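S.K.: I would like to see how this sequence folds:
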Amino acid sequence: MTDPHDIGEPGRNLPPLRLHVPEPPARPGESADFTHFDIPAADAAPRPDEAAQPATMRDMAYGLVRVLDEEGAAVGAWNPKLPPETLLRMLRAMALTRAFDARMFRAQRQGKTSFYMKSTGEEAVSIGAALALSRDDMCFPSYRQQGILIARDWPIIDMMNQIYSNKGDRLKGRQLPIMYSAREAGFFSISGNLTTQYPQAVGWAMASAARGDTRIAATWCGEGSTAEGDFHSACTFASVYRAPVILNVVNNQWAISSFSGFAGAESTTFAARAIGYGIAGLRVDGNDVLAVYAATRWAADRARANAGPTLIEHFTYRVEGHSTSDDPTAYRSAEESSLWPLGDPIARLKQHCIGLGIWDEERHAAMDKELAEYVRDAAREAEKNGILGHGLHHHPMESMFEDVFEEMPRHLKEQQQQMLDEWKAAGL
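M.R.: Numbers count the residues shown, from 1 in each chain. Below is the predicted model of the structure:
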């Protein structure tokens, strides 16, 4: 006799299963709509104690830490109350990052380099964090945190040399343009493979703790990268060993042409990833540089107090294409960038500084002109070292075998000589 509950029994009155495929709220040609976003008041988020247990601050992963209100005033418990000189330093660093991006984007379009990635609209994420961290803390960035180097006063000519892969490139043309490496600036080598920097940052932080150091680590990835296994491995180790690390997720709504829903944004926030791991989680207005600074400083103080890691979701928007190889008009509404409800990070800080009486429109216009000229002059100097495509004239062929081992092994010496012999025989 057949069991009526047998899963193979035909004729059961059950609805068919359905697969949910996320869809962005607007496609090209459609009107953008952000009314479904819940944007709380700037003073709504409480500020927990830095040593608070993650379980006591679950709501922080679903709210939004904000400092600057709609009128540009700094309000609420998270207001870092920074001195005027720090506010103006932030403003200048963000403006310089944007001017640098504009110049390098133009250089790519002129054929001087093959690739570039702008951080337009996301400058607060890197600038706010860089100024909140200590200079000797180690940063493990993704490929849109050039503002960290700029905020740490790294020479932009050096960055340009790397982009051009010219004779001034300390990396000898071995990295894709914009994948900087500056150990002296606490800036770990950028990798094009998504989220590899997460376990590296956690491991570095664990090592720092194991040897009784005082330095912490911070790392960044995009929201789409949270779907990578490396992200979850890093969270596990960070949680288990209470590593002194800050895990930043830059939710700029788009991972190339895939909107954030494909990484789980329809179901929950990215800061909520922290809850399952027992990690402190904060969700922050990523276009408010004071909120980014305050959240990063909170997380840094927490890490230094041996209270464990923090995961920060920076809620922001990618204004430009993913890179110079991308055309965002092919997959998203052209209105989106102008309708983003959290505004422009530079404009918001400028408004705040004007409201304090420490800045004005005339000085801001003069600064923008000065920075554009500064970046232009730096680019001209960097281009004297060559541009991409002239690499064979700047980096000797034999250098591709160097700097891997402290002493080059015999088999690589043989391969190097074979290559040089063939190169000579070809008359090159």
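
S.K.: From now on I want contacts and neighbour counts done on CA atoms only, so please keep to that.
M.R.: Fine.

S.K.: Buried residues, the strand or helix carrying residue 219. List them.
M.R.: According to DSSP states H and E, residue 219 maps onto strand 217-222. For strand 217-222, a neighbour-count test (16 or more other Cα atoms under 10 Å) marks 217, 218, 219, 220, 221, 222 as buried.

S.K.: Mind listing residues that contact it?
M.R.: With Cα atoms under 8 Å, 6 or more residues apart in numbering as the test, strand 217-222 has contacts from 137-142, 194-195, 197-198, 201-202, 204-205, 244-252, 255.

S.K.: now do stretch 418-428
M.R.: Under Cα under 8 Å, 6+ apart, the answer for stretch 418-428 is 397, 398.

S.K.: ditto for stretch 371-390
M.R.: 95-96, 99-100, 103, 112-114, 156-158, 160-161, 163-168, 394.

S.K.: and those, which are buried?
M.R.: 95-96, 99-100, 112-114, 156-158, 160-161, 163-168, 394.

S.K.: can you give me the strands in this protein?
M.R.: For the chain, strands defined by DSSP state E occupy the ranges 138-140, 217-222, 245-251, 254-255, 258-259, 280-285, 310-315.

S.K.: mind putting the ones you listed in CSV, mean pLDDT and distance to residue 118 included?
M.R.: Below are the strands of the chain laid out as CSV (pLDDT from 0 to 100; distance: least, Cα to Cα, whole Å):
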stretch, mean pLDDT, distance to residue 118
strand 138-140, 98, 18
strand 217-222, 98, 14
strand 245-251, 98, 14
strand 254-255, 95, 14
strand 258-259, 94, 18
strand 280-285, 98, 20
strand 310-315, 98, 17
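
S.K.: Let me know which of these is the nearest to residue 408.
M.R.: Minimum separation from residue 408 across these (Cα to Cα) falls at strand 138-140, 28.6 Å.

S.K.: tell me what the closest one is packed against?
M.R.: Contacts defined by 3 or more Cα pairs under 8 Å, 6 or more residues apart in numbering; DSSP states H and E place strand 138-140 against helix 197-210, strand 217-222.

S.K.: Would you mind writing the CA trace of the last one as PDB?
M.R.: Which is strand 217-222. In PDB, the C-alpha atoms belonging to strand 217-222 read as follows (Å, rounded to 0.1, in the frame of the first residue of the first chain):
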ATOM      1  CA  ALA A 217      44.200  46.900  10.500                       C
ATOM      2  CA  ALA A 218      41.400  48.200   8.300                       C
ATOM      3  CA  THR A 219      40.100  46.700   5.100                       C
ATOM      4  CA  TRP A 220      37.500  47.600   2.400                       C
ATOM      5  CA  CYS A 221      35.400  45.800  -0.100                       C
ATOM      6  CA  GLY A 222      32.300  46.500  -2.200                       C
END
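
S.K.: picking up where we left off before, quick one: closest of the strands of the chain to residue 49.
M.R.: strand 280-285 (11.2 Å).

S.K.: who's in contact with the nearest residue to residue 46 once chain neighbours are set aside?
M.R.: The shortest distance from residue 46 to any non-neighbouring residue, by Cα to Cα, 6 or more residues apart in numbering, is to residue 77 (6.3 Å). By Cα under 8 Å, 6+ apart, the contact list for residue 77 reads 43, 45, 46, 47.

S.K.: Who wins on neighbours among those residues?
M.R.: Neighbour counts for the contacts of residue 77, by other Cα atoms under 10 Å, peak at residue 45, which reaches 20 neighbours.

S.K.: Roughly how far does residue 94 sit from residue 138?
M.R.: Distance check for residue 94 against residue 138: by Cα to Cα, to the nearest Å, it reads 21 Å.

S.K.: Look at the two and report which has more neighbours.
M.R.: A count of neighbours by other Cα under 10 Å puts residue 94 above the other of residue 94 and residue 138, at 30 against 23.

S.K.: I'd like to check which residues are in contact with the more buried one.
M.R.: 123, 124, 127, 147, 346.

S.K.: Quick one, grab the pLDDT at it.
M.R.: Looking at residue 94, its pLDDT reads 98.

S.K.: ditto for residue 31
M.R.: On the pLDDT scale, residue 31 gets 92.

S.K.: right, and it touches residue 338 too?
M.R.: No: at 11.6 Å, residue 31 does not count as touching residue 338 under the criterion of Cα atoms under 8 Å.

S.K.: higher neighbour count, those two?
M.R.: residue 31 (14 against 11).

S.K.: I'd like the distance between that one and residue 341.
M.R.: 14 Å.

S.K.: thinking residue 214 is in contact with residue 206, fair?
M.R.: No: contact criterion Cα under 8 Å: residue 214 and residue 206 do not qualify, at 11.4 Å.

S.K.: Compare these two (neighbour count), which wins?
M.R.: residue 206 (21 against 14).

S.K.: Tell me who's in contact with the more buried one.
M.R.: Taking Cα under 8 Å, 6+ apart as the test, what residue 206 contacts is 241, 243, 244.
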